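[1] output the structure for:
(one chain, ligands or ions: 1)
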Amino acid sequence: MDPFRFTIQARSGRARVGLLTTPHGRVETPLFMPVGTQGSVKGLLPKDLKAIGSQVLLANTYHLLLRPGPERVQALGGLHRFAGWDGPWLTDSGGFQVMSLGHLRRIDEEGVVFQSHLDGSLIRLTPERSIAIQEALGADFIMAFDECPPYPSSPEYLKASLERTLRWLERSLKAKTRPDQALFGIAQGGTDAGLRALSTRETLRFDLPGYAIGGLAVGETKEEMFPMVALSTEILPEAKPRYLMGVGHPEDLVAAMGLGVDLFDSVYPTRTGRFGSALVPEGRINLKNAQYLEDKRPLEEGCDCYACQTFSRAYIAHLVRAEEMLGGILLSLHNLRFLHRLTERAREAIRQGSYGAFAREFAERRFGKEI
Ligand SMILES: CCOC(=O)Nc1nc2cc3nc(NC)[nH]c3cc2c(=O)[nH]1
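    Modelled structure (predicted):
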């Protein structure tokens with residue numbers, strides 16, 4: 001039986017609730033994947049991630065290659081055992097972040113050469129090596145080796161890049177040996193509708209358990225990004241999960257779920273938490289702001305997370321000012337719970353056939369009034 005069966009449980013417009021089976025349990029989509037770049041979601045215990053509803057965690061191939069190395073992780077039982085998370089893992093490259101940090105030295109037909117952000121040594125990655133690393137790490141979902149073109153890129157560059165990414169997809173698939181891992185292809189094409197459609201259609205020639213929408217959330221405007229998401233989900237098959245890479249703002253999740261996206265990841269909730277901000281229905285509040293120092297209310301009225309059930313905004317504002325670790329920890333916990341509650345409510349609305357009303361209510365609260 002297919003270890004990665006995906007069945008649609010309910011629909012509301014283009015939004016859908018899915019059940020995705022993996023060797024490490026079944027998960028319900030749409031879902032948000034907390035990012036654990038180096039095998040840890042910064043500041044949070046796996047047991048607390050489970051308690052707030054996290055289902056799939058994401059780790060970065062590039063970072064774990066540099067430290068501690070895939071051989072060590074494999075020798076220590078693989079990611080699940082090593083990092084104490086027995087639910088599904090997804091590994092993406094993490095190269096996107098490193099590229100944007102300017103460590104990319106060369107791209108050619110063979111692959112890419114990075115300069116290590118740790119010691120400056122040269123790292124060569126090819127489709128074959130990327131797959132071998134992800135097989136050693138042991139994630140349930142692994143990503144084909146691709147190029148995420150910088151934004152903006154010329155149509156000529158986008159076209160040459162997407163064609164090479166398709167050749168790299170073929171090489172990634174050929175290099176795959178583990179039947180207990182699902183390889184997702186990644187469609188590219190930037191914000192050029194013709195090239196986006198071309199890349200998506202060509203990626204579909206490979207029969208894969210799921211498909212990622214890549215090359216977005218790289219600095220383009222929302223007005224440029226969402227038509228590409230809509231175009232992608234019109235072309236991608238209904239029966240397979242769609243993964244929009246790097247998208248994590250609440251309003252973007254609500255819009256993309258409405259367009260039929262099933263999986264999301266972003267460092268946004270945890271990074272903005274470490275920087276002192278809490279996600280709330282109206283948007284975001286920055287606890288460094290003095291107005292919160294005497295605010296007895298929880299971060300968010302009605303939130304069931306430990307931070308909101310136990311502490312006031314005043315206390316968390318104090319922790320942030322005092323640069324206490326607990327400040328970032330509580331805000332990261334709340335922000336992830338916020339996104340998991342958002343996707344839980346979205347799944348419920350889809351089951352009720354009322355996703356449109358759900359999205360309108362969300363937008364009204366998010367954009368209807370100032371904080
Ligand atoms: C082994 C290749 O796997 C990948 O992770 N490739 C990839 N990763 C991305 C990460 C992204 N993060 C954002 N925004 C924060 N946009 C992204 C795009 C890609 C991508 O196209 N391709």
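[2] from here on, just use CA atoms for contacts and neighbour counts.
    Fine.
[3] distance of Gly219 from Ala144?
    Between Gly219 and Ala144 the distance is 22 Å, computed by C-alpha to C-alpha, to the nearest Å.
[4] and these two? which has more neighbours close in?
    Between Gly219 and Ala144, counting by other C-alpha atoms under 10 Å, Ala144 is the more crowded of the two (27 against 12).
[5] show the pLDDT at that one.
    Per-residue confidence for Ala144 comes out at a pLDDT of 98.
[6] so what's it up against?
    With contact taken as C-alpha atoms under 8 Å, 6 or more residues apart in numbering, Ala144 is in contact with Pro127, Ile131, Trp168, Leu169, Ser172, Leu173, Leu183, Phe184, Gly185, Ile186.
[7] most neighbours of all those residues, which one?
    Using other C-alpha under 10 Å as the neighbour test, those are led by Gly185, with 31 neighbours.
[8] pretty sure it sits in a strand.
    Yes. Residue assignment for Gly185, taken from DSSP: H, G, I helix; E, B strand; the rest coil, places it within a strand.
[9] I'd assumed Leu169 was in contact with it.
    Yes. Gly185 lies in contact with Leu169 (C-alpha atoms under 8 Å); the separation is 6.6 Å.
[10] still on that earlier bit, and the contacts of Ala144, which two are furthest apart?
    Ile131 and Ile186 (14.0 Å; C-alpha to C-alpha).
[11] how about Gln55, what does it touch?
    Per C-alpha under 8 Å, 6+ apart, neighbours of Gln55: Val27, Leu31, Met33, Gly87, Pro88.
[12] got a winner among these for most neighbours?
    Result: Leu31 is most packed of the contacts of Gln55 (other C-alpha under 10 Å), 29 neighbours.
[13] measure that residue to the ligand for me?
    16 Å (C-alpha to the nearest ligand atom, to the nearest Å).
[14] return the distance of that residue relative to Arg67.
    Summarising the geometry, the distance separating Leu31 from Arg67, computed by C-alpha to C-alpha, is 28 Å.
[15] and the contacts of Gln55, which is closest to Arg164?
    The shortest separation between Arg164 and any of the contacts of Gln55 is 27.9 Å, and it belongs to Met33 (by C-alpha to C-alpha).
[16] that closest one - that's part of a strand, no?
    Yes. Judged by three-state DSSP, Met33 forms part of a strand.
[17] tell me the bridge partners for it.
    Asp265 (DSSP bridges).
[18] quick check, it in contact with Leu57.
    Yes. With contact taken as C-alpha under 8 Å, Met33 and Leu57 are classed as touching, separated by 5.3 Å.
[19] would you agree Ala217 falls within a strand?
    No. Checked against three-state DSSP, Ala217 lies outside a strand; its state is coil.
[20] pLDDT wise, what is it at?
    Ala217 carries a pLDDT value of 97.
[21] same question for the one 4 residues further on.
    Each residue has a pLDDT score; the one for Thr221 is 98.
[22] against Trp168, how distant is it?
    Distance of Thr221 to Trp168, given as C-alpha to C-alpha: 28 Å.
[23] Thr126 too?
    Summarising the geometry, the distance separating Thr126 from Trp168, computed by C-alpha to C-alpha, is 8 Å.
[24] what do these two both touch?
    Both Thr126 and Trp168 are in contact with Phe145, where contact means C-alpha under 8 Å, 6+ apart.
[25] let's verify the nearest residue to Pro46 once chain neighbours are set aside: helix, strand, or coil?
    Using C-alpha to C-alpha, 6 or more residues apart in numbering and skipping residues adjacent in sequence, the residue nearest Pro46 is Trp85, 6.0 Å away. Three-state call for Trp85 (three-state DSSP): coil.
[26] what about Trp85, neighbour count?
    Trp85 has 21 neighbours, counted by other C-alpha under 10 Å.
[27] my read: it touches Asp48, true?
    No. Proximity of Trp85 to Asp48 does not meet the contact threshold set by C-alpha under 8 Å, at 10.8 Å.
[28] do stretch 74-93 and the ligand meet at all?
    Yes. Stretch 74-93 is in contact with the ligand by C-alpha under 6 Å from any ligand atom, via Asp92, Ser93.
[29] contacts for the lowest-mean-pLDDT helix or strand in the chain, please.
    The helix or strand of the chain with the poorest confidence is helix 95-100; it has a mean of 72 (mean pLDDT, DSSP states H and E). Here helix 95-100 makes contact (C-alpha under 8 Å, 6+ apart) with Asn60, Tyr62, Leu104, Phe114, His117, Cys148, Pro150.
[30] most neighbours of all those residues, which one?
    Tallying neighbours with other C-alpha under 10 Å puts Tyr62 at the head of the contacts of helix 95-100, with 27 neighbours.
[31] pLDDT of the helix or strand that one falls within, averaged?
    Following DSSP states H and E, the helix or strand that holds Tyr62 is helix 61-66. For helix 61-66, mean pLDDT is 96.
[32] packing partners of it?
    The helices and strands touching helix 61-66, judged by 3 or more C-alpha pairs under 8 Å, 6 or more residues apart in numbering; DSSP states H and E, are helix 127-137.
[33] list the buried residues of the helix it packs on.
    Pro127, Glu128, Ser130, Ile131, Ala132, Ile133, Gln134, Glu135, Ala136, Leu137 (16 or more other C-alpha atoms under 10 Å).
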